[in-house]
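*Asks:* my questions concern the predicted model and sequence given below.
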Amino acid sequence: MMTPALQATDVSLAFGRLAVLQSVDLVLHPGARHALIGPNGAGKTTLVNALTGELAIQAGRIILADTDVSAAKPHERARLGLQRTFQVNSLFPDLSAKASVVLSINEREGLGGHWWRGARPRTHIVDEAADLLARLGLDAMMHRPVRELAYGQQRLLELALALARRPSVLLLDEPAAGLPAGQRAGLLEVLEALPNNLAILLVEHDMQLVFEFASSMSVLAQGRILADGPPDQVRGSEAVQRAYLGARPDHPVSFA
Ligand SMILES: Nc1ncnc2c1ncn2[C@@H]1O[C@H](COP(=O)(O)OP(=O)(O)O)[C@@H](O)[C@H]1O
Ligand SMILES: [Mg+2]
C-alpha cells in the first residue's frame, strides 16, 4: 500500500460548543484528484484550515507523507509540501504578477528577503516565474500590478503562487467561486494539466466541475463525512441523497 500524501484520521474541532468537525477521516494519495463537497456551513473550509494548521484540532491526527503534523504550524506544513489557495483573494495588489511568483519561488529556495532589498532576482527564477504564468494563461498580464488583473486572473495567480512552492499536496477552497460560467472550463483545463503526482483536494460547489475533475470524493455535512469513494458510488449513496440533497428515495436528486 502506498503511503498517503495526506491523511486525516478521526479529526474533531469545535468553536466553543459548536462541534464543526466530528471524527473526520480523509485520505489523499499521491496524484489524488479528490473533491470535497457539502452544503454551506458543513465545515469544508474549517477542514481545510485544520489540514493546513491555521486552526488547531482538538482530536485526531494529521499525517503529511510520513510526518505527523497534527500540532505543526502552517509554515512547517508548507515546508513539508502542503499548499492551499484561499476562498478569498490574498494577493499584494501593487506587486506585478511576475514579481508575486518570483517571491514565492524565492521563498521556496530560501532566498526570501533579497527581492525586497533590491537585489535583482536570478535569471532562472524569473524564467521559471514566466513559464509558470504562461502555463496558467497569464503571460500577457505578467508585468501588470495584481490589482489590474481580472478577478478570475487573480484566482489563477493565487494558484500560481501555490504551485511555485512545488507542493506535494494542494488544497483548493472553491477556486471557481465568483468566476463567470465561461471561465470554469478554463479553470478545469488548468487543473487537469497540473503534475500527475500532485495530490489535489478540491472544495467545490459546481457539480459539473466536480464530476469532470474528481476521481474520488468525500461528502461532508454538519461536520461529518457522509460518504466517500469514487464519484459514481458517492452520487448513488442513499445517505448522501437523503441528508445532503434532501431527497426522498423515490425522488433521487441528480448532481450534475
Ligand atoms: N472562526 C469561527 N468561529 C466560530 N464559528 C465558525 C468559525 N468559522 C466557521 N464557523 C462555523 O463553522 C461552521 C462551518 O463553517 P465552514 O467551515 O466555513 O463551512 P463551509 O466551508 O462548509 O461552508 C459554520 O457553522 C460556521 O458558522
Ligand atoms: Mg467554505
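*Replies:* Happy to help now that I have it. Numbers count the residues shown, from 1 in each chain. Ligands and ions are numbered 1, 2, ... in the order given.

*Asks:* what are the ranges of the strands in the protein?
*Replies:* 6-15, 18-28, 33-37, 59-64, 67-68, 82-85, 169-173, 199-203, 216-221, 224-229 (DSSP state E).

*Asks:* will you turn those strands into TSV that also has distance to ligand 1, mean pLDDT and mean neighbour count?
*Replies:* No exception for glycine: its C-beta is placed from N, CA and C like everyone else's. Below are the strands of the chain laid out as TSV (distance: least, CB to the nearest ligand atom, whole Å; pLDDT from 0 to 100; neighbours: other CB atoms under 10 Å):
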stretch	distance to ligand 1	mean pLDDT	mean neighbour count
strand 6-15	3	98	18
strand 18-28	4	97	18
strand 33-37	9	97	23
strand 59-64	16	98	18
strand 67-68	23	98	12
strand 82-85	13	93	24
strand 169-173	7	96	24
strand 199-203	7	97	24
strand 216-221	7	95	22
strand 224-229	12	95	18
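
*Asks:* as TSV, these with distance to D94 would be great.
*Replies:* Listed next are the strands of the chain as TSV, based on distance: least, CB to CB, whole Å:
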stretch	distance to D94
strand 6-15	34
strand 18-28	35
strand 33-37	33
strand 59-64	33
strand 67-68	36
strand 82-85	20
strand 169-173	25
strand 199-203	29
strand 216-221	37
strand 224-229	42
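
*Asks:* okay, those strands in a markdown table with distance to ligand 2 next?
*Replies:* Output for the strands of the chain, formatted as a markdown table (distance: least, CB to the ion, whole Å):
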| stretch | distance to ligand 2 |
| --- | --- |
| strand 6-15 | 14 |
| strand 18-28 | 11 |
| strand 33-37 | 10 |
| strand 59-64 | 19 |
| strand 67-68 | 26 |
| strand 82-85 | 12 |
| strand 169-173 | 6 |
| strand 199-203 | 7 |
| strand 216-221 | 10 |
| strand 224-229 | 16 |
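
*Asks:* wait, which of these is closest to A150?
*Replies:* Comparison of those against A150 by CB to CB identifies strand 82-85 as nearest, at 16.6 Å.

*Asks:* show me what the closest one is packed up against.
*Replies:* Judged by 3 or more CB pairs under 8 Å, 6 or more residues apart in numbering; DSSP states H and E, the packing partners of strand 82-85 are helix 44-52, helix 151-164, strand 169-173.

*Asks:* what lies in contact with that strand?
*Replies:* 6, 48, 51-52, 64, 69, 155, 158-159, 162-163, 165, 167-173, 175 (CB atoms under 8 Å, 6 or more residues apart in numbering).
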